[in-house]
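# what follows is a protein structure lacking sequence information:
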């Protein structure tokens with residue numbers, strides 16, 4: 001083995017170590033907030049909140065969770081304080097166990113939104129550090145590994161509530177347990193920083209080994225097409241809080257089964273993420289066409305009284321999440337120069353959050369009037385998304401992104 005091959009191998013080992021350690025950070029973070037999110041819809045219903053308000057709170061939370069990424073991404077690029085910003089964001093995970101201390105729906109709503117704010121703070125900085133590590137192992141594959149580990153937490157979190165309900169305990173007991181993963185998250189974050197305090201060096205070394213230097217200084221045109229496609233596609237994507245609310249108020253499934261369904265979605269998310277990451281590394285942006293195709297049937301199946309149909313909808317919902325969380329992040333790393341990446345992640349996620357907010361509020365509004373209107377709304381959004389996807393593909397110029 002030549003000296004260059006040894007350096008490449010060492011670089012890949014360091015990159016995999018960083019991706020896996022950050023996977024554990026995200027896994028325990030997910031146990032905390034995905035566990036909490038799996039029951040916030042029915043928990044708010046228990047506190048006397050209407051469907052419109054559940055949709056509004058969920059939408060505001062998602063909007064805050066993405067729109068503030070524009071600010072945090074910009075600040076991260078300017079200050080280079082990626083670790084400090086990431087610590088602050090993960091620290092706000094305590095909002096979930098704090099929900100156990102209130103019976104006031106307004107306070108609960110603030111805590112739910114605050115948790116999303118923490119995700120907004122940490123995500124651009126975290127994704128930028130991860131993007132450096134993925135360059136030597138394949139951006140799609142690197143983000144897929146991280147997402148798969150991450151979703152183990154997304155699986156365990158809701159199951160905590162399934163176990164709690166099985167043992168005849170309630171929402172507050174389940175929320176109190178979430179103190180444990182919240183603290184472990186910060187311990188793994190500290191270990192990741194100790195092992196790789198300067199993750200940007202992983203990409204710098206990868207560029208040297210491939211004799212490639214990225215000289216781009218502005219966001220490319222394809223980035224804006226990608227933003228438009230993502231915004232429209234995500235607008236038609238019903239959030240889980242709204243679907244779980246339907247399960248609760250129509251008694252489609254039991255309280256015990258709601259977090260179990262969420263756990264199934266997270267398991268599907270993890271498996272689909274690995275497949276999507278590999279496919280993306282082979283065929284690039286063309287992989288995105290699967291998003292509107294899978295999103296379209298979800299409301300037709302979810303907002304019914306059929307157990308079988310709702311189960312299929314949850315499987316599709318998990319698949320869409322797996323693709324969104326893997327490919328959508330990997331694309332940014334491939335089409336944006338690294339000196340603009342934190343800002344690009346923030347900008348993209350702001351549009352993503354605006355789409356979730358608009359979609360969530362509209363779906364909640366339509367739900368209170370006539371559930372069939374949701375099907376029309378999603379169909380129109382996803383058909384338009386396919387049209388924008390065609391335009392996106394036509395703008396491709398570089399073989400690497402095809």
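Nice, I can see it. Please read all numbers here as calculations on a predicted model, not as lab measurements.
# do you know how far the residue nearest the centre of the chain is from residue 34?
Geometric centre of the chain, nearest residue: residue 325, 4.7 Å, by Cα atoms, centre = their mean. Distance, residue 325 to residue 34, using Cβ to Cβ, to the nearest Å: 12 Å. C-beta: built from backbone N, CA, C; applies to glycine.
# again with residue 154
4 Å.
# what touches both of the two?
Taking Cβ atoms under 8 Å, 6 or more residues apart in numbering as the contact rule, the neighbours common to residue 154 and residue 34 are residue 266.
# please, which helix or strand holds the closest residue to residue 14 other than its chain neighbours?
Nearest residue to residue 14, sequence neighbours excluded (Cβ to Cβ, 6 or more residues apart in numbering): residue 202, at 6.2 Å. Assigned by DSSP states H and E, residue 202 belongs to helix 200-209.
# you'd agree residue 303 is up against residue 245?
No. Counting by Cβ atoms under 8 Å, residue 245 is not a contact partner of residue 303; they are 10.2 Å apart.
# what's the weakest-modelled helix or strand in this protein?
When each helix and strand of the chain is scored by mean pLDDT, DSSP states H and E, helix 200-209 comes last, with a mean of 66.
# next one: the helix or strand just after it to chain centre, how far?
Next in sequence after helix 200-209, counting helices and strands by DSSP H and E, comes helix 221-235. Its chain's C-alpha centre lies 16 Å from the corresponding centre of helix 221-235 when counted by Cα atoms, centre = their mean, to the nearest Å.
# could you point out which element follows helix 221-235?
helix 240-249.
# so what touches that next one?
37-42, 44-45, 51, 54-55, 57-58, 252-253, 255, 257-258, 261-262, 265, 302-303, 310, 313-314, 317, 360, 363-364, 367.
# just stretch 362-381 next, same as before
50-56, 58-59, 232-233, 235-239, 242, 246, 295-296, 298-300, 303, 359.
# quote the end-to-end distance of that stretch.
One end of stretch 362-381 to the other measures 12 Å (Cα to Cα, to the nearest Å).
# got the buried residues for it?
362, 363, 364, 365, 366, 367, 371, 374, 375, 377, 378, 381 (16 or more other Cβ atoms under 10 Å).
# buried ones in stretch 266-276?
Buried, per 16+ other Cβ under 10 Å, within stretch 266-276: 266, 267, 268, 269, 270, 272, 273, 274, 276.
# average model confidence for it?
Here stretch 266-276 scores 88 as its mean pLDDT.
# now do that stretch: distance to the chain's middle.
12 Å.
# and if you look at stretch 292-309?
20 Å.
# name the residues that touch it?
Against stretch 292-309 from outside (Cβ under 8 Å, 6+ apart): 233, 236-238, 243, 246, 250, 252-253, 310, 312-314, 316-317, 319-320, 323, 363, 367, 371, 374-375, 378-379, 382-383, 385-386, 389.
# mind doing that once more with 6 Å?
Stretch 292-309 is contacted from outside by 233, 236-238, 243, 246, 252, 310, 312-313, 316-317, 319-320, 371, 374-375, 378, 382, 385-386, using Cβ atoms under 6 Å, 6 or more residues apart in numbering.
# which parts of the stretch 1-150 of the chain are helices?
3-46, 51-79, 82-91, 95-98, 105-134, 139-166 (DSSP state H, counting those that start in this stretch).
# what's the offset of the fifth one from the middle of its chain?
Using Cα atoms, centre = their mean, the mean C-alpha position of helix 105-134 is found 10 Å from that of the whole chain.
# show me what that helix is packed up against.
helix 3-46, helix 51-79, helix 82-91, helix 95-98, helix 200-209, helix 341-369 (3 or more Cβ pairs under 6 Å, 6 or more residues apart in numbering; DSSP states H and E).
# could I get these in JSON lines, plus columns for distance to residue 158?
Output for these, formatted as JSON lines (distance: least, Cβ to Cβ, whole Å):
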{"stretch": "helix 3-46", "distance to residue 158": "4"}
{"stretch": "helix 51-79", "distance to residue 158": "16"}
{"stretch": "helix 82-91", "distance to residue 158": "20"}
{"stretch": "helix 95-98", "distance to residue 158": "12"}
{"stretch": "helix 200-209", "distance to residue 158": "33"}
{"stretch": "helix 341-369", "distance to residue 158": "20"}
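# pLDDT weak spots in the protein?
Residue ranges of the chain with pLDDT under 70: 1, 204-217, 397-402.
# domain assignment for this structure?
Domains of the chain are assigned by the TED database as 8-200, 219-401.
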